[in-house]
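S.K.: heads up, no residue letters with this:
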């Protein structure tokens, strides 16, 4: 059975020691990542705590999953996301699709912009380094699963199952059917909604 999801990290400015400890935690779990300078933030409300660039994730099977877009994320969010990939997505793929995951197409991760790319809107969770998108999954047998297209019922069930289960790791899960802005990808973030980090928006 997949491991229980980690707690959603609380907001706050981490110290340099916290950043080093977080990066070490990623490394100990088989994630290849490096600390990077904070990206430019043209919007006043953007900002990213302990930015890291992700390269790959070592899976329990011994295989390595490539993150081809090399996303930049806040380190604590990177811990949550890579835990979800390793402990839910990867074993689910092997069990349901008969092939491990070889790579994910995620986009850049951090983007300083308004929500849904609307000028003047509230700053997106991407602008805080606590969000990532998933457009497609490449399997070790060279199949490619697009969020917008699955070749058969089994692939469609896999996408629905991993999307539903993501609500255990993230506070927001959006995708096709949620709204026009998420019609071609899945969006995961840990933005707190209201006064409690227990509240989920899973659509």
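M.R.: On my side now, so go ahead. If you're wondering where the values come from, they're calculated on a predicted model, not measured in any experiment. Numbers count the residues shown, from 1 in each chain.

S.K.: any low-confidence regions in this structure?
M.R.: Low-confidence segments of the chain (pLDDT under 70): 1-17, 117-121.

S.K.: Kindly recompute the last result at 80.
M.R.: 1-17, 114-121, 194-198 (pLDDT under 80).

S.K.: all helices of it, in order?
M.R.: With DSSP state H, the ranges of helices along the chain come out as 16-28, 75-84, 90-97, 153-165.

S.K.: Can I get these in JSON lines including mean neighbour count and distance to residue 186?
M.R.: Yep, even glycine has a C-beta here, placed from its N, CA and C like the rest. Output for the helices of the chain, formatted as JSON lines (neighbours: other CB atoms under 10 Å; distance: least, CB to CB, whole Å):
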{"stretch": "helix 16-28", "mean neighbour count": "14", "distance to residue 186": "22"}
{"stretch": "helix 75-84", "mean neighbour count": "24", "distance to residue 186": "11"}
{"stretch": "helix 90-97", "mean neighbour count": "18", "distance to residue 186": "14"}
{"stretch": "helix 153-165", "mean neighbour count": "15", "distance to residue 186": "6"}
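
S.K.: surely residue 45 meets residue 126?
M.R.: No: judged on CB atoms under 8 Å, residue 45 makes no contact with residue 126 at a distance of 12.0 Å.

S.K.: who's more crowded, these two?
M.R.: Neighbours were counted for residue 45 and for residue 126 using other CB atoms under 10 Å; residue 126 has more, 26 against 12.

S.K.: so how many other residues sit close to the nearest residue to that one once chain neighbours are set aside?
M.R.: Once flanking residues are discounted, residue 126 sits nearest to residue 111: 4.3 Å by CB to CB, 6 or more residues apart in numbering. As a burial measure, residue 111 scores 17 neighbours (other CB under 10 Å).

S.K.: residues in contact with residue 111?
M.R.: The contact partners of residue 111, by CB atoms under 8 Å, 6 or more residues apart in numbering, come to 124, 126-127.

S.K.: before we move on, could you check phi and psi at the closest residue to residue 40 other than its chain neighbours?
M.R.: Of all residues not flanking residue 40 in the chain, residue 112 sits nearest, at 7.1 Å (CB to CB, 6+ apart). The phi/psi pair for residue 112 (degrees, to the nearest 10) reads phi -80, psi 100.

S.K.: need the contact list for the nearest residue to residue 101 once chain neighbours are set aside.
M.R.: Leaving aside its chain neighbours, residue 101 sits nearest to residue 93 (4.9 Å; criterion: CB to CB, 6+ apart). Residue 93 makes contacts with 99-101, 137, 139, 158, as judged by CB under 8 Å, 6+ apart.
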